[in-house]
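**Student:** Next comes the sequence, and after it the predicted model I'd like to discuss.
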Amino acid sequence: MNYGKIAQRYSKALFDFAEEKNQIEEIKADMLLCAEVSRENAAFKQMLKSPIIRTHKKRQVVEAIFKDNVQTITLEFFKILIKNGREEFIENIVECYLSLYKKHFGIKTAYVETAVELSKSAKEKIIKILEKETSSKIEMQESINTDLIGGFRLTVEDKQFDASIQKKIKKLSKEFSKNIYIREF
């Protein structure tokens, strides 16, 4: 069974329905909430994947968690997933929906890895340059990696730009490991 295709089909159906009802933004907010619940609560994920817990109990739990916090469309969608035995794919479906959302609105994610936290002006500058270069809206995710020593590593889609001190040191180390000295006597 191809889990990716299942998630893509369900998320596409939800996205198309949300688009038809002009609720793309609202459903996106629901998907972000669901992703947060999954990320912060391992018991929730285990409950969804458990073959021991009965379908009606899973449905009750999902209703109790999301009933007052999400759109009716989202809640009904989750109920359909549970009814069809697809509740274990909710996390993947959420990811696919968010990808469809980004694709629909031309948003690209830039991953920036730095040795220290970037200033607000540096973030804005990077976003502005990337938006100009990619002709897309940029959403930036920043992470700190002290192993870089200094500089940064930037990844957008399948392209990576590494301007870290760590890379420069490795490059120098590689150059010094070659013996370019030739004896002439």
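**Tutor:** It's in. Residues are numbered from 1 along each chain as shown.

**Student:** domain parsing for this protein?
**Tutor:** 3-103, 106-177 (automatic domain parsing).

**Student:** Show me what the mean pLDDT comes to for the last one.
**Tutor:** Read it as domain 106-177. Across domain 106-177, the average pLDDT comes to 91.

**Student:** How far away from the center of its chain is that domain?
**Tutor:** Using C-alpha atoms, centre = their mean, to the nearest Å, the distance from the centre of domain 106-177 to the centre of the chain it belongs to is 17 Å.

**Student:** Can you give me the end-to-end span of that domain?
**Tutor:** Start-to-end span of domain 106-177 (C-alpha to C-alpha, to the nearest Å) is 45 Å.

**Student:** hmm, who's touching the helix or strand Leu81 falls within?
**Tutor:** Using DSSP states H and E, Leu81 sits within helix 72-83. For helix 72-83, contacts defined as C-beta atoms under 8 Å, 6 or more residues apart in numbering pick out 10, 14, 17-18, 21, 23, 27, 30-31, 34, 55, 58-59, 62-63, 66-67, 87, 89-90, 93. Every C-beta, even on glycine, is put in place using the N, C-alpha and C of the backbone.

**Student:** and the domains of the chain, which is most packed in?
**Tutor:** domain 3-103 (a mean of 16; mean count of other C-beta atoms under 10 Å).

**Student:** Can you pull out the residues in contact with stretch 23-43?
**Tutor:** Contacts of stretch 23-43 (C-beta under 8 Å, 6+ apart): 14-15, 18, 44-45, 65-66, 69-71, 73-74, 90-91, 94-95, 97-98, 101, 104.

**Student:** Among those, which are located in helices?
**Tutor:** If you go by DSSP state H, the contacts of stretch 23-43 have 14-15, 18, 44-45, 65-66, 73-74, 90-91, 94-95, 97-98, 101, 104 in helices.

**Student:** any idea which helix or strand carries Ile129?
**Tutor:** Per DSSP H and E: Ile129 is located in helix 120-134.

**Student:** Which helix or strand lies directly C-terminal to that helix?
**Tutor:** Downstream of helix 120-134 (by DSSP H and E), the next one is strand 137-144.

**Student:** and the next helix or strand after that following strand, which strands flank it?
**Tutor:** In the C-terminal direction, the helix or strand that comes right after strand 137-144 (DSSP H and E) is strand 152-156. Strand 152-156 pairs in its sheet with strand 107-114 (antiparallel), strand 159-162 (antiparallel), by DSSP bridges.

**Student:** OK, contacts around Ala163?
**Tutor:** By C-beta under 8 Å, 6+ apart, the contact list for Ala163 reads 151-154.

**Student:** Now for these: which two are most distant?
**Tutor:** Distance extremes for those: the farthest pair is Gly151 and Leu154 at 10.0 Å, using C-beta to C-beta.

**Student:** now the helix holding Ile129 and strand 137-144, what's the angle there?
**Tutor:** Orientation note: helix 120-134 sits at an angle of 130 degrees relative to strand 137-144 (axes from the mean of the first three to the mean of the last three C-alpha atoms, to 10 degrees).
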